[in-house]
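Asker: sequence first, predicted coordinates after that:
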Amino acid sequence: LSLAAGRPLGRGWNLQLELGRETVDPKDKAKIYQTDEVLGVEVDDDVALTDLPLAIQGAVDRRHTVFAEATLTFSSLSEHEIAHTPTSGVRTKLFWRTSRHSDGDHGLGGASFKTFAPILGGVVGLKTRGLTTVSDAPFYDRPYLGGLYTVRGVPSQSLTRPEGADWMWSSTLEYRAPLTGDPEHPGLSGLLFLDVGRCDGMVAPKGEPVAMGAGWGLRLHLFGLVMGTDVGYPVTGSPVDESFHMNASVGWTF
């Protein structure tokens, strides 16, 4: 349950404040997601709570949290679109969230930057974002790297240790183009993407300064809904034994 209020500050700036209360009740069970013959485990084997990192064991209980969040945004995105995407302008966002629960306080902050430009009948978008938190934040309020919204080509959250990261950043370069129908609002759009990212204590790829994935995707716009699929290839390697990874989505975020 939360209450948010915002107001424009002029020239594209907007400030929003939010207060809320939430209940978190993490499961006390986990499963193996990759077979490892050396360790003698297989996919979907149960993992005992006592075998999980201490940072997870200590946060698996029901908690009531009160939080406050402040968000400052700036946008100069154009109203003209190609493939449901602005053709020019930038959007930036800064936020900080403070949470209080029975075990203490913790915070999570972040920043993001997006910009777009038309090219070759489509639009190129560049997105960069970063997240950071304090060391005593529970695992479910920490950043994770890998998957649809950070580095495609690897499973979600697979590039970060199980208890989460203190910080992470990711960048995406994406080319979007109409495939059928009106160029501004086509029924079917295609995309090509390159994702890079890094977090502290990154699990994989070993010895690489960043994790990188590249691939292609489709977006179907039907009755106001956006349904999509992405096929990503782990350029710098994957923590699991697969040559590509697919993601499905409802909605089109960037």
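Answerer: Here it is on my side, so go on.
Asker: spatially central, which residue of the chain would that be?
Answerer: In the chain, the residue lying closest to the centroid (Cα atoms, centre = their mean) is residue 149, at 3.5 Å.
Asker: got a list of what it touches?
Answerer: Each residue near residue 149 by Cβ atoms under 8 Å, 6 or more residues apart in numbering is listed here: residue 253. Placement of C-beta: from N, CA and C, glycine included.
Asker: what about the helices in the stretch 1-150 of the chain?
Answerer: With DSSP state H, counting those that start in this stretch as the criterion, the stretch 1-150 of the chain has helices at 54-57.
Asker: what sits against residue 199?
Answerer: Contacts of residue 199 by Cβ under 8 Å, 6+ apart are 143-145, 159-160, 165, 167-169.
Asker: between these, which sits nearest residue 94?
Answerer: Nearest to residue 94, judged by Cβ to Cβ, of those is residue 169 at 14.4 Å.
Asker: assumed the closest one was part of a strand.
Answerer: Yes - counting by DSSP: H, G, I helix; E, B strand; the rest coil, residue 169 is found in a strand.
Asker: with adjacent residues omitted, what lies nearest to residue 110?
Answerer: residue 131 (4.2 Å; Cβ to Cβ, 6 or more residues apart in numbering).
Asker: that neighbour: neighbour count?
Answerer: Neighbour count for residue 131, taken as other Cβ atoms under 10 Å: 22.
Asker: what residues are up against it?
Answerer: So residue 131 contacts 108-110, 143, 167-169 (Cβ under 8 Å, 6+ apart).
Asker: same list (these) but as CSV, adding distance to residue 68.
Answerer: Shown next, in CSV, are these (distance: Cβ to Cβ, whole Å):
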residue, distance to residue 68
108, 12
109, 13
110, 15
143, 20
167, 21
168, 23
169, 24
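Asker: just the buried residues of stretch 118-125, please?
Answerer: 122-125 (16 or more other Cβ atoms under 10 Å).
Asker: can you show me the strands along the stretch 101-250 of the chain?
Answerer: Using DSSP state E, counting those that start in this stretch, the strands found in the stretch 101-250 of the chain span residues 104-119, 122-133, 167-180, 188-199, 211-222, 225-234, 245-250.
Asker: okay, those in TSV with distance to residue 24 and mean pLDDT next?
Answerer: Listed next are those as TSV, based on distance: least, Cβ to Cβ, whole Å; pLDDT from 0 to 100:
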stretch	distance to residue 24	mean pLDDT
strand 104-119	12	94
strand 122-133	15	96
strand 167-180	21	97
strand 188-199	22	96
strand 211-222	28	95
strand 225-234	29	94
strand 245-250	24	92
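Asker: and the residue nearest to residue 227 when sequence neighbours are not counted, how far from residue 245?
Answerer: Leaving aside its chain neighbours, residue 227 sits nearest to residue 220 (4.9 Å; criterion: Cβ to Cβ, 6+ apart). Residue 220 is 20 Å from residue 245, where distance means Cβ to Cβ, to the nearest Å.
Asker: so which of the two has more stuff around it?
Answerer: More neighbours surround residue 245 than the other of residue 220 and residue 245, with 24 against 15 (other Cβ under 10 Å).
Asker: does that one touch residue 154 like I think?
Answerer: Yes - under the criterion of Cβ atoms under 8 Å, residue 245 makes contact with residue 154 at 5.8 Å.
Asker: who touches both of the two?
Answerer: 213, 232, 234, 238.
Asker: and the third one, how many neighbours?
Answerer: I take that to be residue 234. Neighbours of residue 234 under the rule other Cβ under 10 Å: 27.
Asker: list the residues that contact it.
Answerer: 153-154, 205, 211-213, 242-245.
Asker: repeat for the second one
Answerer: Residue 232 makes contact with 151-154, 193, 195, 213-215, 244-247 under the criterion Cβ under 8 Å, 6+ apart.
Asker: no more questions from me, cheers.
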